[in-house]
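**Q** A predicted structure for the sequence below; I have some questions about it.
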Amino acid sequence: MKQLGQRSSTSLFVFGALAVVFGVIAAIFPVATALTLVVLWGCYALIDGIVAGVMAFRPAEGSSRGLLILTAIVGILAGLFAIFHPISSGVALAWVLGIWLLVRGVMEIASAFSGQRETSRWLLVLGGLLWLAAGVLMVSFPGVAALSISLWIGVLAIIWGIVLVVVGFRVRKASKQQADAAGVRA
């Protein structure tokens, strides 16, 4: 049991340290982080588009070949655009996120005045206003928003890394205490 606790705590230390290093790099270099994330998303979209294209031409009954071809074309084009034009793609993604936030805010406020609601009206309105404010900021300053997201990812990674290291120490301590207790009983 002690070996398992030590291996678990060691992996928590390693992953925590890696998260802190990633977070520091992301916080210090938000432009590079944003561009890297956009290029990684572009690679994902490109691969997804290629897979959809392959699936479109596989013999399968009931498959919607037209939808798969459309998905393939959009995925491949979006992926290539993101890979070769990451700055424009980052701004475009920030715009899409901003528009989504605006729609989300409007829907939240509308749900506050609908007949069926799960929570207080004022909480839904407040949440909707916060979504709207975030959306307005994203649409108004998409470049700054993309960098802010990178910075927040860095900060969250640092916090998560610290949490993992603390948990690693606790797991190691609990494992040692358990081993000591088992040794006393034997």
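**A** Received it, and whenever you're ready, just let me know what you need. All values reported here derive from a predicted model rather than from experimental measurement.

**Q** which other helices and strands does the top helix by length along the chain contact?
**A** Longest helix of the chain, by residue count under DSSP state H: helix 142-185. Judged by 3 or more Cβ pairs under 8 Å, 6 or more residues apart in numbering; DSSP states H and E, the packing partners of helix 142-185 are helix 2-28, helix 30-56, helix 86-112. No exception for glycine: its C-beta is placed from N, CA and C like everyone else's.

**Q** avg pLDDT for the last one?
**A** Spelled out, that is helix 86-112. Average pLDDT, helix 86-112: 90.

**Q** that helix to helix 30-56, inter-axis angle?
**A** For helix 86-112 against helix 30-56, the angle by axes from the mean of the first three to the mean of the last three Cα atoms, to 10 degrees is 80 degrees.

**Q** the next helix or strand after helix 86-112: which residues count as buried?
**A** Where DSSP states H and E defines the elements, the next helix or strand beyond helix 86-112 is helix 121-140. Using 16 or more other Cβ atoms under 10 Å as the test for burial, helix 121-140 gives Leu124, Val125, Gly127, Gly128, Trp131, Leu132, Ala134, Gly135, Leu137, Met138, Val139.

**Q** and stretch 111-119, by the same measure?
**A** So stretch 111-119, judged by 16+ other Cβ under 10 Å, has buried residues Ser111, Ala112.

**Q** identify all contacting residues around that stretch.
**A** Contacting residues not belonging to stretch 111-119 are listed as Arg121, Trp122, Leu124, Val125, Gly128 [Cβ atoms under 8 Å, 6 or more residues apart in numbering].

**Q** with adjacent residues omitted, what lies nearest to the second one?
**A** Closest residue to Trp122 apart from its sequence neighbours, by Cβ to Cβ, 6 or more residues apart in numbering: Ala112 at 7.9 Å.

**Q** what separates that neighbour from Ala179, distance-wise?
**A** Per Cβ to Cβ, to the nearest Å, Ala112 is found 55 Å from Ala179.
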